[in-house]
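Student: Make a model of this:
(2 chains)
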Number of protein chains: 2
Amino acid sequence: MYFSKAFIPTLKEAPSDMDNISAKLMVRSGMVKKLGSGLFEILPLGLKTLENVMTVIREEMASIDGQEVKLPLLLPKELWIETGRWNVYGKELFRIKDRKNAEFALAPTHEEAITDLARSFIRSYKQLPVMLYQFGIKFRDEIRPRFGVMRAREFIMKDAYSFHATEADLEEYYKKVYAAYERICKRCGFKFRAVEAAAGAIGGNFSHEFMVLADTGEEEIAWCNCGYGANSEKAECLEDIYEKSNEQVLDMQEISTPNVGTIEDVSKFLNSSAQKFIKTIIYVADGNPIAVLVRGDYEINEIKLQSVIGCSELELATPEIIMEVTGAKVGFAGPVNLKKKIKIYADYSVVNIVNGVIGANKDDMHIKNVNYNKDYKADVVADLRKVVHGDVCPRCKKEKLQFSRGIEIGHIFKLGTKYSKSMKATYLDANGKENLMIMGCYGIGVTRILAATIEQSYDENGIIWPVPLAAYKVSIIPVDFNNEQIKETAEAIYKELRALKIDVLLDDRDERAGIKFKDADLIGIPFRITIGEKNLKNGNVEFKNRKDDKSGAQIVKKEEIVSKIVEELKKYEV
Amino acid sequence: MYFSKAFIPTLKEAPSDMDNISAKLMVRSGMVKKLGSGLFEILPLGLKTLENVMTVIREEMASIDGQEVKLPLLLPKELWIETGRWNVYGKELFRIKDRKNAEFALAPTHEEAITDLARSFIRSYKQLPVMLYQFGIKFRDEIRPRFGVMRAREFIMKDAYSFHATEADLEEYYKKVYAAYERICKRCGFKFRAVEAAAGAIGGNFSHEFMVLADTGEEEIAWCNCGYGANSEKAECLEDIYEKSNEQVLDMQEISTPNVGTIEDVSKFLNSSAQKFIKTIIYVADGNPIAVLVRGDYEINEIKLQSVIGCSELELATPEIIMEVTGAKVGFAGPVNLKKKIKIYADYSVVNIVNGVIGANKDDMHIKNVNYNKDYKADVVADLRKVVHGDVCPRCKKEKLQFSRGIEIGHIFKLGTKYSKSMKATYLDANGKENLMIMGCYGIGVTRILAATIEQSYDENGIIWPVPLAAYKVSIIPVDFNNEQIKETAEAIYKELRALKIDVLLDDRDERAGIKFKDADLIGIPFRITIGEKNLKNGNVEFKNRKDDKSGAQIVKKEEIVSKIVEELKKYEV
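Tutor: The predicted structure follows:
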């Protein structure tokens, strides 16, 4: 493409509402334009990049027998009533009525539609397994759209669904999907990590997130050299890492602690430490107040807590409820002498505390020398806390966990019979017996991949596209396009590269070379060929690799530049 | 692909709500599944076919410098307010609110969004022309969704928009688009006709519909061997084809015509003919009653009428208004002695009528011997009627028009400054003067193309895909896949064809050959290779071209079948 004909509206400055690096650079490079809150127009340069991502994904989906479909975006309410999600989805779901007042969901995801499709046609185990996927637009009415296309209200997702006769078949297939996702990430040139996404048992984890590593990522990943990796929100803490001190067990003693607020203050006041403190938080789980205990230097992990309780709603108790349950104002709860009998959930970290400190369930009072089993008991003891720096890896149990930041671009998981059960998607097995289909579900945030890639790969001059994703692999910059000889050489190289089907942007604009360099760097084109008068006199052109900023440009014979490019591109062939 | 692995759920019978041939065949062949009224899931076979259509369109759009974009489907109300379409669009527009009560249109078309995009970035004539297009999903809340994907509520459209500095540049570009559309139709294998879509002046017509010819088409096309073609709703009628009889002009005479209803009855009663009758219809145009005159044997063409009036709303007057305007009940209106002075529009066909018959604007009364100019005059005389069989071609003025039925699959037109004006999309010309951009707009009904193709190309056994569109070009049918030799041959041919990147469906199912033949014919695969024991003994396989049903199968040496296929496919290369 000639730059003068291309619709690539680059900007010197990003609009002020672009709130992270990738959003700024996507807008500045003319890849996207914001149309409204969380709504983006994908411009030619953005779409070409997106198509490259989609081609990689398509090839890998085909390699695991995925078949592409396209499902409607208007989804009849009736299907969502069947799964119960019409009522639980909340405000993130866009709902719309047609002229006859029939209601529809504007697709946020397609489990209902795909399960309906499967139950319509799949009768026999002979038709299984099947994997269907699509590049579908999704709508989510985010409360706070942000980070450009990363958290938009309308975006493109690759969503895939597989149907199986047996759990074992799904599990085998899950591994194939996992491998395909790894290949996608590698082919896209990502630094990435696949992490466990559910706070489940070690091994047999069938929910993984694929994280592109980037310092600006929203998510934190805990990982170990042994191969373990998990969203830090979900990383496990072991049960048996808390040593019990051998100091003498003392009797409980109530102490007045007026004007002493934080755990540190109380610990100081009592000449104790946060490790001795048993923090007690009152929650309301599906309407029932509960007490949750964790060691004073840890935080409760609400995701783990919710999964242990098995409740669908979990929130912090209000001061009124705390007063009702403990008999005291906020900040003085403890597991001993609660005013109301409520369920107590204790994290592994508290049971070995000898002579601990707790709130006394009385205003401005604490109790010291509290011991588990002797003075109080919990109904449930489990892993309920967040991992912290210094925690040991729960898999190898040897090395300490390491932490990185990342952006989730894919998520795969076993759905089991969640949808086939509510929607009655069954098949007949070899014995003629009716069974529920077993399902898996595999997403990739396709528009998000663009943003994630940029967060991982940019410098002060702009984007540095990994070669496989770059819309244009090569930019040809004639320093002066009005110079006949330069123009001729530029066009000859352009034609040669195009004949090899290589995407090239020839900057034929009547602009200063500096502006052309700036735009090429901003757009992030991997390879740059600069054609200037001085080099050309010696039969040379300049070659520069966008990512090797420090090594500078190389002088290459003009006859050899095309094979140089071909050689560079070969490194990225699958 | 192996058929046993493909998700192609063919059906023996079409569901009863599939109301035309293409809808029945698309559902029966497993290309689509209906999810709700006017909502279709595109299954793998349908999507593969659609991708073939899209590839053809993409290549042709690129050939005229089109650049692909992807615009959001949620379109902020504010943009639609700017063009005034938020209020005029009516019930066909799906409207939706977000969680903050902001309103959006669910994209039925994208003129607003694209014009907003152009005005955001285009400043100078140097940036023009630009053509942007997309394959976008469109939503239209059709009052009566029907004919499968042909008139659906959610469908894929290729919509393209061009921006120009001058009218002349747009007109030149329009011709390029026209040619690209012709190439698309030819490459898709259509029998088609490009017809004038506006009732405009001869020549200089910048609105064309591309019609796929099919006896089942919803539209009628009037055409001539001279090259003229128009939607019959829009075909022109000449002014000078009505001869004036030389009979003596008589004076008007009022006649009582009780119990005589139709024009034929009145004509008989008066011993006259429909050609003498001046039919007078009362309309209301933008709130104002008008009288429209046409010869008794013709029909008023409301599209032409509306364009001549230049009104935005046009409807038949109610009996109350007719009474108010004429002083009589329905059926007795005439241009003489109207009770109220209203504008009169006359079709060319009435002014030469000598001694005509009209309603008397009195109940059960007519007037005979009415003559234009002598007894009444019209405010406007114009082409206001529908063409009929026997009409002469308005272009060559020699041959009679011919009529065919067709399905509109594309529409191109000059928008001019309609949107750039209301949305203030301007650029600076070479003199630094601000001008409105001139716009063109070019649509193709992409999902509709599938249905239109089938309506044009099917037989009692199923679809007959044109080779360029067929999802699979070749079906290999091993008569018995359990026979080792047959299986080996089938798989060897399959591998050879796949190595040549030819799409092949190998029917490895454990089914009778008859069922395999039926499915291959239903799906419409162009070339069939049958491998049976008897032929194979002599080193032969059977070759059959789906569209040559009568010529039957040919026996081909198994070593030669691949080159036979390659040779057949070569005929369709671009």
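
Student: from the stretch 101-250 of chain A, which residue is nearest to chain B?
Tutor: Using C-beta to the nearest C-beta, the single residue of the stretch 101-250 of chain A nearest to chain B is A:F121, 3.9 Å away. (C-beta placed from N, C-alpha, C; glycine too.)

Student: Count the residues that sit near A:I81.
Tutor: 14 (other C-beta atoms under 10 Å in any protein chain shown).

Student: Checking it next. Helix, strand or coil?
Tutor: Secondary structure, DSSP: H, G, I helix; E, B strand; the rest coil: A:I81 is helix.

Student: ok, for it, nearest residue in space, not its chain neighbours?
Tutor: The shortest distance from A:I81 to any non-neighbouring residue, by C-beta to C-beta, 6 or more residues apart in numbering or on different chains, is to A:N87 (7.9 Å).

Student: Which pLDDT value goes with that neighbour?
Tutor: A:N87 is assigned a predicted lDDT (pLDDT) of 89.

Student: now swap in the one 10 residues further on and tell me
Tutor: Confidence at A:K97, expressed as pLDDT, is 97.

Student: what does A:D508 give?
Tutor: 97.

Student: Contact partners for the residue nearest in space to the middle of chain A?
Tutor: Chain A has A:E408 as the residue nearest its centroid, 1.7 Å off, counting by C-alpha atoms, centre = their mean. Contacts for A:E408 (C-beta atoms under 8 Å, 6 or more residues apart in numbering or on different chains) come out as A:E209, A:F210, A:M211, A:E218, A:E219, A:N231, A:G445.

Student: rerun that using 10 Å as the cut-off
Tutor: Contacts for A:E408 (C-beta atoms under 10 Å, 6 or more residues apart in numbering or on different chains) come out as A:150, A:195, A:197, A:209-212, A:217-219, A:221, A:231, A:443, A:445, A:448, A:452.

Student: In helices, which of those fall?
Tutor: A:R448, A:A452 (DSSP state H).

Student: Among the contacts of A:E408, name the buried ones.
Tutor: Among those, those classed as buried by neighbour count (16 or more other C-beta atoms under 10 Å in any protein chain shown) are A:150, A:195, A:197, A:209-212, A:217, A:219, A:221, A:231, A:443, A:445, A:448, A:452.

Student: nearest to A:I525, of those?
Tutor: Proximity of the buried ones among the contacts of A:E408 to A:I525 (C-beta to C-beta) peaks at A:A452, which lies at 19.4 Å.

Student: now that closest one: how far from A:L50?
Tutor: In this view, A:A452 and A:L50 are 13 Å apart by C-beta to C-beta, to the nearest Å.

Student: nearest residue to the residue of the stretch 401-550 of chain A found nearest chain B other than its sequence neighbours?
Tutor: Evaluated by C-beta to the nearest C-beta, the stretch 401-550 of chain A has A:D510 as its residue closest to chain B, separated by 8.7 Å. The shortest distance from A:D510 to any non-neighbouring residue, by C-beta to C-beta, 6+ apart, is to A:F481 (6.9 Å).

Student: show me the contacts for the one you found.
Tutor: Contacts for A:F481 (C-beta under 10 Å, 6+ apart) come out as A:2-4, A:487, A:490-491, A:506-511, A:516, A:531.

Student: on that earlier part again, go through the buried ones among the contacts of A:E408 and flag which are in strands.
Tutor: A:V195, A:E209, A:F210, A:M211, A:V212, A:E219, A:I221, A:N231, A:G443, A:G445 (DSSP state E).

Student: show me where the stretch 351-500 of chain A has helices.
Tutor: Assignment of helices within the stretch 351-500 of chain A using DSSP state H, counting those that start in this stretch yields the ranges A:418-422, A:446-456, A:484-499.

Student: Check which residues of the longest one are buried.
Tutor: Residues of helix A:484-499 classed as buried under the neighbour-count rule (16+ other C-beta under 10 Å) are A:I486, A:K487, A:T489, A:A490, A:E491, A:I493, A:Y494, A:E496, A:L497.

Student: Of those, which is the nearest to B:M323?
Tutor: A:Y494 (75.0 Å).

Student: okay, the helix or strand bottoming out on mean pLDDT in chain A in PDB with CA atoms only?
Tutor: None of the helices or strands of chain A scores lower by mean pLDDT, DSSP states H and E than helix A:263-269, at a mean of 83. These are the backbone C-alpha positions of helix A:263-269, laid out as PDB (Å, rounded to 0.1, in the frame of the first residue of the first chain):
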ATOM      1  CA  ILE A 263      -3.900  -4.400  64.200                       C
ATOM      2  CA  GLU A 264      -0.500  -2.900  64.400                       C
ATOM      3  CA  ASP A 265      -1.600  -0.500  67.200                       C
ATOM      4  CA  VAL A 266      -3.200  -3.300  69.200                       C
ATOM      5  CA  SER A 267      -0.200  -5.500  68.700                       C
ATOM      6  CA  LYS A 268       2.100  -2.700  69.900                       C
ATOM      7  CA  PHE A 269      -0.100  -1.900  72.800                       C
END
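
Student: what element comes up after it heading to the C-terminus?
Tutor: Downstream of helix A:263-269, the first helix or strand assigned by DSSP states H and E is strand A:278-285.

Student: packing partners for that following strand?
Tutor: With contacts defined as 3 or more C-beta pairs under 10 Å, 6 or more residues apart in numbering or on different chains; DSSP states H and E, the packing partners of strand A:278-285 are strand A:288-295, helix A:302-309, strand A:314-316, helix A:319-326, strand A:343-347, strand A:356-359.

Student: Now with 6 Å, please.
Tutor: strand A:288-295, strand A:314-316, strand A:356-359 (3 or more C-beta pairs under 6 Å, 6 or more residues apart in numbering or on different chains; DSSP states H and E).

Student: low pLDDT regions in chain A?
Tutor: A:198-205, A:549-550 (pLDDT under 70).

Student: which residues sit in contact with A:C237?
Tutor: By C-beta atoms under 6 Å, 6 or more residues apart in numbering or on different chains, the contact set of A:C237 is A:D383, A:R385, A:V387.

Student: Which residue comes closest to A:F210 once chain neighbours are left out?
Tutor: With sequence-adjacent residues excluded and distances taken as C-beta to C-beta, 6+ apart, A:F210 is closest to A:G410, at 3.6 Å.

Student: I meant to write A:G84 there.
Tutor: Counting by C-beta to C-beta, 6+ apart, the nearest residue to A:G84 once its immediate chain neighbours are dropped is A:S422, at 6.6 Å.

Student: Am I right that that neighbour is in contact with A:T83?
Tutor: Yes. Using C-beta atoms under 6 Å, A:S422 is in contact with A:T83, at 4.7 Å.

Student: ok so, going back, which among the contacts of A:F481 gets closest to B:V574?
Tutor: A:Y2 (23.4 Å).

Student: how about the closest one, phi and psi?
Tutor: Reported as degrees, to the nearest 10, the phi and psi values for A:Y2 are phi -90, psi 130.

Student: ok, the nearest residue to it once chain neighbours are set aside - how many residues close by?
Tutor: Of all residues beyond its chain neighbours, the one nearest A:Y2 is A:D508 (4.8 Å), with distances taken as C-beta to C-beta, 6+ apart. If you count neighbours by other C-beta under 10 Å, A:D508 ends up with 20.

Student: pretty sure A:D508 contacts A:K5?
Tutor: No. Using C-beta under 6 Å, A:D508 is not in contact with A:K5, being 8.4 Å away.
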